[in-house]
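# predicted structure and sequence below. I'll ask about it afterward.
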Amino acid sequence: MGGLECVITGLMDEFGARFKSWHLHRRVVTLFVVGSSFLVALTSLTPGGIYVFTWLDTYSAGLALLCSALFEAIAVGWVYGSHVLARDIQQMTGSTPGLFWRCCWKFISPLFLGSVLVLGVVFSGPLSYDGFEYPLWATALGWTYALVPALFVPALAARALWKYSGHGLGQAVALSISPEGEHKAIRDGETPSRFQLLHWITV
């Protein structure tokens, strides 16, 4: 349910206005997502369903989720800044997260996720189940399937840079990685906080 809600909420956040113009409400989008998932899941009920399930479980749940979590950890801990997140939490709750949590956000989580990702790729042998080794085309298709979600990150980064392309590369990068509250100052020529060493070394 958690993963399903992430997909539905992401679609509604990104394309909500377009869905409304097409008279597609959240219930219809939910029905489409659940229906699509159901149809894909039906392949696991065929006589060779366990092989489909093993293929999906290996390539959809592993690399894609690790890449997503790694990019999120880097975005929060480094680009947004663990100290900025701690300040935001302090404003919301009245208490500042301890040094341990800030170190986890900035160092431990990205390092752990990156290590697991690299080791998973390096030591991934040929996919097999119960003595059956999957053909090369299935492995190639699996890696393609696993990498597609990860490719959205650089694609959306390029899209963000293109959005601010009229400002020069440096300012486009600054505007892309800075909160909207800082955009006016950046456009006025101030040095972005994310271009200062203090932002990157502060925990």
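It's in.

# just the element for the residue most central in space within the chain, please.
Closest to where the C-alpha atoms of the chain average out (Cα atoms, centre = their mean) is Ser68, at 3.4 Å. Using DSSP states H and E, the element containing Ser68 is helix 63-74.

# what's the mean pLDDT across that helix?
Averaged over helix 63-74, pLDDT sits at 86.

# just give the nearest non-adjacent residue to the residue nearest to the centre of the chain, would you?
Computed as Cβ to Cβ, 6 or more residues apart in numbering, the closest residue to Ser68 that is not its neighbour in sequence is Pro149, at 6.5 Å. Yep, even glycine has a C-beta here, placed from its N, CA and C like the rest.

# you'd agree that neighbour is in a helix?
Yes. Counting by DSSP: H, G, I helix; E, B strand; the rest coil, Pro149 is part of a helix.

# number of nearby residues for it?
Pro149: 14 surrounding residues under other Cβ atoms under 10 Å.

# quick one: pLDDT of it?
pLDDT for Pro149: 80.

# same check on Thr96?
92.

# counting neighbours, what do you get for it?
Using other Cβ under 10 Å, Thr96 has 14 other residues around it.

# also Gly81?
22.

# check the gap between it and Pro179 for me.
10 Å (Cβ to Cβ, to the nearest Å).

# now swap in Leu161 and tell me
Using Cβ to Cβ, Leu161 is found at 17 Å from Pro179.

# from the contact counts, what lies against the helix holding Ser68?
Judged by 3 or more Cβ pairs under 8 Å, 6 or more residues apart in numbering; DSSP states H and E, the packing partners of helix 63-74 are helix 109-122, helix 136-163.

# please name the residues that touch Val34.
If you count contacts by Cβ atoms under 8 Å, 6 or more residues apart in numbering, Val34 has them with Leu4.

# that one: which element?
Here Val34 is assigned to helix 26-42, by DSSP H and E.

# list the buried residues in the next helix or strand after that helix.
Counting by DSSP H and E, the next helix or strand C-terminal to helix 26-42 is helix 49-61. Neighbour-count burial for helix 49-61 flags Tyr51, Val52, Thr54, Trp55, Leu56, Thr58, Tyr59 (criterion: 16 or more other Cβ atoms under 10 Å).

# can you check stretch 129-145 too?
Buried residues in stretch 129-145, counted by 16+ other Cβ under 10 Å: Tyr134, Thr139, Gly142, Tyr145.

# okay, angle between the helix holding Val34 and helix 49-61 too, please.
Put simply, helix 26-42 runs at 130 degrees to helix 49-61, going by axes from the mean of the first three to the mean of the last three Cα atoms, to 10 degrees.

# please export the C-alpha coordinates of helix 26-42 as CSV.
Provided in CSV are the C-alpha atoms of helix 26-42 (Å, rounded to 0.1, in the frame of the first residue of the first chain):
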residue,chain,number,x,y,z
ARG,A,26,-7.9,10.5,-8.2
ARG,A,27,-10.2,7.5,-8.1
VAL,A,28,-9.8,7.0,-11.9
VAL,A,29,-6.0,7.3,-11.7
THR,A,30,-6.0,4.9,-8.7
LEU,A,31,-8.1,2.4,-10.7
PHE,A,32,-5.7,2.7,-13.7
VAL,A,33,-2.6,2.1,-11.5
VAL,A,34,-4.1,-0.8,-9.6
GLY,A,35,-5.5,-2.3,-12.8
SER,A,36,-2.1,-2.1,-14.5
SER,A,37,-0.5,-3.7,-11.5
PHE,A,38,-3.1,-6.4,-11.5
LEU,A,39,-2.5,-7.3,-15.2
VAL,A,40,1.2,-7.4,-14.7
ALA,A,41,0.7,-9.6,-11.6
LEU,A,42,-1.4,-12.1,-13.6
